[in-house]
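J.: I'd like to go over a predicted model; first the sequence, then the structure.
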Amino acid sequence: RSGTIWLYTDPVKKSTKITDFDVQSYRQGIRESLVRTWCAALCAELVTRSHGVADWRLVNGFLDGIAVAGDDECRRGLLRFLWRVLGSAGISPDISECVRCLSSICGEKGENTVLYYSPYEEACVCEECARSEERRFPLSPAARSYLAAVESASPSAVRSIPVESGDYAELRQFLFFLATRMIDG
């Protein structure tokens, strides 16, 4: 639900409570699917635990979208939402370059290279620079291409990009790790 909220602050008790709420957008479709409900709950938890760092246009656009989307689109929509929120919070790593050797992952030499996210450096490293303990978060060329499209392409163009199950799992693990780190839990 989105709308206008009225708050009452008691200066003596130093407390604030909700006195009224005027619903302007209900999003009934979210209740019709467990996946939609789960995505909306994750969104609400992310906004709450990050103390409102998320851009409200992203939040409202995401909630409006999942209210009418199918389950698979909701899952992919969650990936796009997380990457955009992480980017707007300044937490998303550069996925086009190895932080250690500074080699570009783009172009003919790096097109088929797997990149790894290093939690120690909070950056990406190439196959040659990645230590064995850093290989928990691989990013295949297809996964990187998808994230790059989320950053640069129109939302409708990104929605039309297919995501294979292996790439989805890779992106989900990576983005959930970054989101968990962002909200400290």
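T.: On my side now, so go ahead. Numbers count the residues shown, from 1 in each chain.
J.: give me the element the residue nearest the centre of the chain is part of.
T.: When the chain is reduced to its mean C-alpha position, the nearest residue by CA atoms, centre = their mean turns out to be L82, at 0.7 Å. For L82, the host element (DSSP states H and E) is helix 71-88.
J.: Same check on L171?
T.: Using DSSP H and E, L171 falls in helix 165-183.
J.: who does that helix touch, helix- and strand-wise?
T.: For helix 165-183, the packing partners by 3 or more CB pairs under 8 Å, 6 or more residues apart in numbering; DSSP states H and E come out as helix 34-49, helix 71-88, strand 115-118, strand 138-139, helix 141-152. To be clear about C-beta, it is placed using only N, CA and C from the backbone, and glycine gets the same treatment.
J.: got the angle for the second one vs helix 141-152?
T.: For helix 71-88 and helix 141-152, the angle between their directions (axes from the mean of the first three to the mean of the last three CA atoms, to 10 degrees) works out to 70 degrees.
J.: I'd say E170 and R144 touch.
T.: No. Using CB atoms under 8 Å, E170 makes no contact with R144, being 9.9 Å away.
J.: which one of the helices and strands packed on helix 165-183 lies closest to R181?
T.: Among those, helix 71-88 comes nearest to R181, with 9.4 Å by CB to CB.
J.: got a list of contacts for the closest one?
T.: 33, 35-36, 39, 42-43, 46, 53-55, 58, 62, 65-66, 69, 92, 146-147, 150-151, 155, 158-159, 163, 168, 171-172, 175-176, 178-179, 182 (CB atoms under 8 Å, 6 or more residues apart in numbering).
J.: So how do I select the buried members of those in PyMOL?
T.: A single PyMOL command selects the buried members of these (16 or more other CB atoms under 10 Å):
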select buried, resi 33+35+36+39+43+46+54+58+62+65+66+69+92+146+147+150+158+163+168+171+172+175+178+179+182
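J.: Make JSON lines out of the helices and strands packed on helix 165-183 and add mean pLDDT and distance to Y26.
T.: Converted to JSON lines, those look like this (pLDDT from 0 to 100; distance: least, CB to CB, whole Å):
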{"stretch": "helix 34-49", "mean pLDDT": "91", "distance to Y26": "12"}
{"stretch": "helix 71-88", "mean pLDDT": "93", "distance to Y26": "18"}
{"stretch": "strand 115-118", "mean pLDDT": "89", "distance to Y26": "38"}
{"stretch": "strand 138-139", "mean pLDDT": "90", "distance to Y26": "38"}
{"stretch": "helix 141-152", "mean pLDDT": "93", "distance to Y26": "28"}
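J.: Mean neighbour count, those: which tops it?
T.: strand 115-118 (a mean of 23; mean count of other CB atoms under 10 Å).
J.: Can you pull out the residues in contact with that one?
T.: Contacts for strand 115-118 (CB under 8 Å, 6+ apart): 93, 95, 98-99, 105, 123-127, 130, 134-139, 144, 174, 177-178.
J.: mind saving the C-alpha coords of the very next helix or strand once past that strand as PDB?
T.: Downstream of strand 115-118, the first helix or strand assigned by DSSP H and E is strand 123-126. Coordinates of the C-alpha atoms in strand 123-126 are reproduced here as PDB (Å, rounded to 0.1, in the frame of the first residue of the first chain):
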ATOM      1  CA  ALA A 123      35.300  -5.400  -5.800                       C
ATOM      2  CA  CYS A 124      35.500  -7.800  -8.700                       C
ATOM      3  CA  VAL A 125      38.600  -9.900  -9.800                       C
ATOM      4  CA  CYS A 126      39.400 -11.900 -12.800                       C
END
